[in-house]
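Engineer: dropping the sequence and predicted coords here.
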Amino acid sequence: MATPVRLLVSSGEPAGIGPELTIRLAQQRQPFSFAVIADPVLLQQRAAMLNLPLQMHLVAVDEPWPTSSPGQLNVIAVPLAKTSAAGMLENANADYVLRMLTIAGHAALNHNVDAIVTAPVHKGVINEAGVAFQGHTEFFAELAGNVPVLMLLACEGLRVALLTTHMPLRAVADAVTPEKLEHTLRLLHRELQQKFAISSPRIAVLGLNPHAGEGGHMGREEIDVIQPVVARLQAEGMTLLGPLSADTAFTDDHRRRYDAVLAMYHDQGLPVLKTLGFHRSVNITLGLPFIRTSVDHGTALDIAARGIADTGSLQYACEQAVLLANASR
Ligand SMILES: NC(=O)C1=CN([C@@H]2O[C@H](COP(=O)(O)OP(=O)(O)OC[C@H]3O[C@@H](n4cnc5c(N)ncnc54)[C@H](O)[C@@H]3O)[C@@H](O)[C@H]2O)C=CC1
Ligand SMILES: NCC(=O)COP(=O)(O)O
């Protein structure tokens, strides 16, 4: 029998729903081996609040982990700086979150695990604590040696990649450059072939402006940047559609025509994906030298430790990490 895939799960912002989602992941027998990075005291407190059984085994990243039964959890212990109350952000714990991500990233780079899965972090509190932080995507890209990466979110029937990620809307138009677009399309094309076994990927490229610029009357990025890059790569043999008007690019009919869509910015693509598949979607960082998946939601401070957080996306992120890991074996 093949060895089960080994996943390392970071529990994310301690005041959010990440810790309880990892505890709930451990309530069922899973078809993969996993350990969670967290403060064990925090996990014990949240398990008690939710009335869930929890027996922890403290383990190390570079050693074998015991097989867990439901209610048992392998834990890589990292201490909080300050006790965390559910729903209450604490600047002092920003370093705890970053240490968990650093441990996860190094474990993946050192091949101690097959993949890493991240529960949500709060970008704002890390910045409030004085550390410039855009997101996991950018953090792991830097940790891996400043490699170019691409954020892709996927649910049944839709894959959305983002040309730009965590930046103010005001800066987006300037970031849509021919170099960035060409590089991103090549990366997406390659990763769809290699990670998703799609031999000739069909990629839809969205316009930036309403109606894809309306022939230049509502913005010129489509004419000056997007169309020339699309034409150049089409001439090389890539199957690219677009630039498409974003307002109709996600209709059922359109979605049947492509394997992935490249949105120009975060809120052009993600609201559609979350409407179609919230709690059943995964976030995958393409371009990294290791597999990293994540949930489709944030820290949900408003419902932390109330026992109502949906575990679907964390479960799906783990399952997708297993698929990607098996495909790369
Ligand atoms: N992968 C990550 O680390 C991500 C982190 N974030 C961060 O999360 C923080 C909060 O972001 P928001 O925009 O408020 O989004 P959010 O996803 O945390 O919350 C939006 C709404 O969805 C609900 N919700 C979220 N996850 C849920 C779940 N599993 N079950 C049931 N309801 C759920 C929340 O209760 C809230 O009403 C921000 O700092 C953001 O940067 C956001 C997205 C991804
Ligand atoms: N909305 C997706 C998101 O913010 C996830 O970002 P990251 O932390 O995975 O880079």
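Structural biologist: Cool, got the structure. Ligands and ions are numbered 1, 2, ... in the order given.

Engineer: how many other residues sit next to the nearest residue to A86 once chain neighbours are set aside?
Structural biologist: Leaving aside its chain neighbours, A86 sits nearest to A305 (3.5 Å; criterion: CB to CB, 6 or more residues apart in numbering). In short, each C-beta sits where N, CA and C put it, glycine included. Neighbour count for A305, taken as other CB atoms under 10 Å: 18.

Engineer: ok, A305 - contacts?
Structural biologist: Contact analysis of A305 by CB atoms under 8 Å, 6 or more residues apart in numbering lists 17, 20, 46, 49-50, 86-87.

Engineer: go again with 6 Å.
Structural biologist: Contact analysis of A305 by CB atoms under 6 Å, 6 or more residues apart in numbering lists 46, 49, 86.

Engineer: wasn't it part of a helix?
Structural biologist: No - assignment of A305 by DSSP: H, G, I helix; E, B strand; the rest coil gives coil, placing it outside any helix.

Engineer: mind pulling the model confidence for it?
Structural biologist: Looking at A305, its pLDDT reads 98.

Engineer: which one is Q72 nearest to, not counting chain neighbours?
Structural biologist: Among residues not flanking Q72 along the chain, Q55 sits closest, at 4.8 Å (CB to CB, 6+ apart).

Engineer: hang on, the one you found packs against P70?
Structural biologist: No - contact criterion CB atoms under 6 Å: Q55 and P70 do not qualify, at 10.0 Å.

Engineer: dihedrals phi and psi, P120?
Structural biologist: Per-residue torsions, P120: phi -70, psi 140 (degrees, to the nearest 10).

Engineer: which stretches of the stretch 1-150 of the chain form strands?
Structural biologist: All strands of the stretch 1-150 of the chain, identified by DSSP state E, counting those that start in this stretch, fall at 6-10, 33-38, 55-58, 72-77, 115-118, 150-155.

Engineer: before we move on, what about the stretch 201-329 of the chain?
Structural biologist: 202-206, 239-244, 260-263, 282-286, 292-294.

Engineer: switch the ones you listed over to a markdown table; also include distance to ligand 2.
Structural biologist: Putting the strands of the stretch 201-329 of the chain into a markdown table (distance: least, CB to the nearest ligand atom, whole Å) gives the following:
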| stretch | distance to ligand 2 |
| --- | --- |
| strand 202-206 | 17 |
| strand 239-244 | 22 |
| strand 260-263 | 12 |
| strand 282-286 | 5 |
| strand 292-294 | 5 |
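
Engineer: dump the ones you listed into a markdown table; add mean neighbour count and mean pLDDT as well.
Structural biologist: What follows is the strands of the stretch 201-329 of the chain, written out as a markdown table (neighbours: other CB atoms under 10 Å; pLDDT from 0 to 100):
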| stretch | mean neighbour count | mean pLDDT |
| --- | --- | --- |
| strand 202-206 | 23 | 98 |
| strand 239-244 | 20 | 97 |
| strand 260-263 | 25 | 98 |
| strand 282-286 | 24 | 98 |
| strand 292-294 | 27 | 98 |
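
Engineer: of all these, which one is nearest A154?
Structural biologist: For the strands of the stretch 201-329 of the chain, the distance to A154 is smallest for strand 282-286, at 5.6 Å, taking CB to CB.

Engineer: quick one: which of the strands of the stretch 1-150 of the chain is nearest ligand 1?
Structural biologist: Ligand 1 lies closest to strand 115-118 among the strands of the stretch 1-150 of the chain, at 6.1 Å (CB to the nearest ligand atom).
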